[in-house]
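> Generate coordinates for the sequence data below:
(2 chains)
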Amino acid sequence: MTSKISIEELRDLFLSAPESDATRWIGIFLSLALVSVVLWLVSRRSLREELTPIWMGAALAFVVVSVEPRALFALTRAIGAWTPSSTLFFLGEFFLLVICLNYAVRISRAGDQIRCLAQEVALLRTELDQRTRPDTVSVERPGS
Amino acid sequence: MTGREPTKGTVILPAYNEADRLPDVLGGISSCNLGLEVVVIDDGSHDATAATARAHGATVISHPLNLGYGAALQTGYKYALRTQTGFLVQMDADGQHDPSQIPLLVEPLLRGECDLVIGSRFAEETGYKMGAFRSIGRRVMTGVAHLAGLQVTDPTSGFQAMNRSMLERYASGDFPADYPDVDVLIRAHWGGCKVLERSVEMSESLRASTLHGGTRSFYYAYRMILSLLGAAFARRSA
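As a prediction, this is how the structure comes out:
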């Protein structure tokens, strides 16, 4: 004799699975590890303070989800996912995409700044050469 | 934006590893006796480009690293703005452009008829031969320029002359570091700059690879489309 179960019932079964204490403690441990790594990188001047809020925010969010998973379950139901872990993966991937875009913008800006600096270095070097050779044309500095 | 310009001018030649070809190019400019300051922008070359240019009497601006063709042009614009130059002519350093035709480009500027003059290979029949793939790309870019209201036949020509208004625009704006072509022209046109063309003869580029050749063509086309969409978006938002 076989019993049939609907898709919705199966999904409810997934979502009603008891939360494991081990998962919770692993989540808290990983969050604290992330905070520690960020602080260590800042102390070594390998990571600038202005870039830390997003990582601290991610660690805090992870702690909140680990300590109080009901928000994650509610979100899982709201977006139609089957398991809280799927929701976490989805949010994690989205977070990484946003991070990548943010860094692409920063790299573009840094590239423009490097270009301007390199051009200025080249122009100043030429100006210096011309000052040491008075027979050549003079170059005016901007605003002079 | 047009107006009477002082006559002193500057010729800029962006150069990357062009030590072999520069003597002929600089010699050609010198033999024309145009009275223009010749500036070679050495874009981080690994060969003797800078020394060769200096030896032939050119002013040399050396980038500390390779920044790209567009960035080299922009360095030339910035330099020219700091001098009292009235107009600027840009040429390729590979001998493709004939310096004896510089006056053709400069005359409309001096008469105050426009802000930018493009030396066109296709305004009249000059017998210039272009590879099939590049020819298709040029036709597409020309079509795009026409759609944008810019009536030019050779938007990818690097042989151009411009007045100080254009220099200020190009030196201060977000001038592309890699391929400044039809997108830059269209932005300038939309910004109120007057662009003219003059028919010139050009020899084919002797470079093994050009900015628009090979697989770069795909990236080039993509870059142009993206830049134009960005410009159109900015124009609509303004």
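> so where's chain A shaky on pLDDT?
Applying pLDDT under 70 to chain A flags residues A:1-2, A:134-144.
> Backbone dihedrals for the most centrally placed residue in chain B, please?
Nearest to the mean C-alpha position of chain B, counting by Cα atoms, centre = their mean, stands B:G158 at 3.5 Å. Note on B:G158: backbone dihedrals following degrees, to the nearest 10 are phi -90, psi 0.
> separation between it and B:R169?
18 Å (Cβ to Cβ, to the nearest Å). (C-beta placed from N, C-alpha, C; glycine too.)
> And A:A17, by the same measure?
From A:A17 across to B:R169, the span is 64 Å (Cβ to Cβ).
> repeat for B:D115
Going from B:D115 to B:R169 by Cβ to Cβ gives 8 Å.
> can you pull the contacts of the residue nearest to the residue nearest to the centre of chain B when sequence neighbours are not counted?
Distance criterion Cβ to Cβ, 6 or more residues apart in numbering or on different chains; nearest residue to B:G158, sequence neighbours excluded, is B:D92 at 5.0 Å. B:D92 is in contact with B:13-14, B:158-159, B:205, counting by Cβ atoms under 8 Å, 6 or more residues apart in numbering or on different chains.
> got any ranges where chain B has weak pLDDT?
For chain B, the stretches with pLDDT under 70 are B:1-7, B:173, B:205-215, B:237-238.
> the helices in it, which residues?
Residue ranges of the helices in chain B, as given by DSSP state H, are B:22-31, B:49-55, B:69-82, B:102-110, B:132-147, B:164-172, B:182-190, B:216-237.
> Quick one: classify the most centrally placed residue in chain A as helix, strand or coil.
Chain A has A:I99 as the residue nearest its centroid, 3.7 Å off, counting by Cα atoms, centre = their mean. At A:I99 the chain is in helix, as set by DSSP: H, G, I helix; E, B strand; the rest coil.
> Isn't it up against A:L51?
No. A:I99 is beyond contact range of A:L51, at 10.1 Å (criterion: Cβ atoms under 8 Å).
> for chain A, what are the nearby residues on chain B?
Contact residues (Cβ under 8 Å from any Cβ of the partner chain) of chain B with chain A: B:37, B:41, B:59-65, B:67, B:71, B:74-75, B:78-79, B:81-84, B:174, B:177.
> change it to 7 Å
Residues of chain B lying close to chain A by Cβ under 7 Å from any Cβ of the partner chain are B:37, B:59-65, B:67, B:71, B:74-75, B:78-79, B:82-83, B:177.
> Quick one: work out the angle between the one helix or strand A:T126 maps to and helix B:164-172.
If you go by DSSP states H and E, A:T126 is part of helix A:84-132. Calculated by axes from the mean of the first three to the mean of the last three Cα atoms, to 10 degrees, helix A:84-132 forms an angle of 130 degrees with helix B:164-172.
> same for helix A:84-132, what does it pack against?
Using 3 or more Cβ pairs under 7 Å, 6 or more residues apart in numbering or on different chains; DSSP states H and E, the elements in contact with helix A:84-132 are helix A:70-79, strand B:59-62, helix B:69-82.
> Any chance of CSV for the ones you listed, columns mean neighbour count?
CSV is the format used below for those (neighbours: other Cβ atoms under 10 Å in any protein chain shown):
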stretch, mean neighbour count
helix A:70-79, 14
strand B:59-62, 23
helix B:69-82, 24
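> Among those, which comes closest to A:Q119?
helix B:69-82 (4.6 Å; Cβ to Cβ).
> roughly how far is that closest one from the heart of the chain?
Relative to its chain's centre, helix B:69-82 lies at 11 Å (Cα atoms, centre = their mean, to the nearest Å).
> and A:V67, how far is that from A:L60?
From A:V67 to A:L60 the distance is 11 Å (Cβ to Cβ).
> swap in B:G119?
For B:G119, the distance to A:L60 - Cβ to Cβ - is 61 Å.
> ditto for B:A231
Distance, B:A231 to A:L60, using Cβ to Cβ: 41 Å.
> More neighbours: which of those two?
Using other Cβ atoms under 10 Å in any protein chain shown, the more surrounded residue of B:A231 and A:L60 is B:A231, with 17 against 13.
> And for the closest residue in space to that one that isn't next to it in sequence, the neighbour number?
Distances taken as Cβ to Cβ, 6+ apart place B:R187 nearest to B:A231, at 5.0 Å, with adjacent residues excluded. A count of nearby residues for B:R187, using other Cβ under 10 Å, gives 24.
> just checking, B:R187 touches B:G230?
No. The pair B:R187 / B:G230 is not scored as a contact, 9.4 Å apart, by Cβ atoms under 7 Å.
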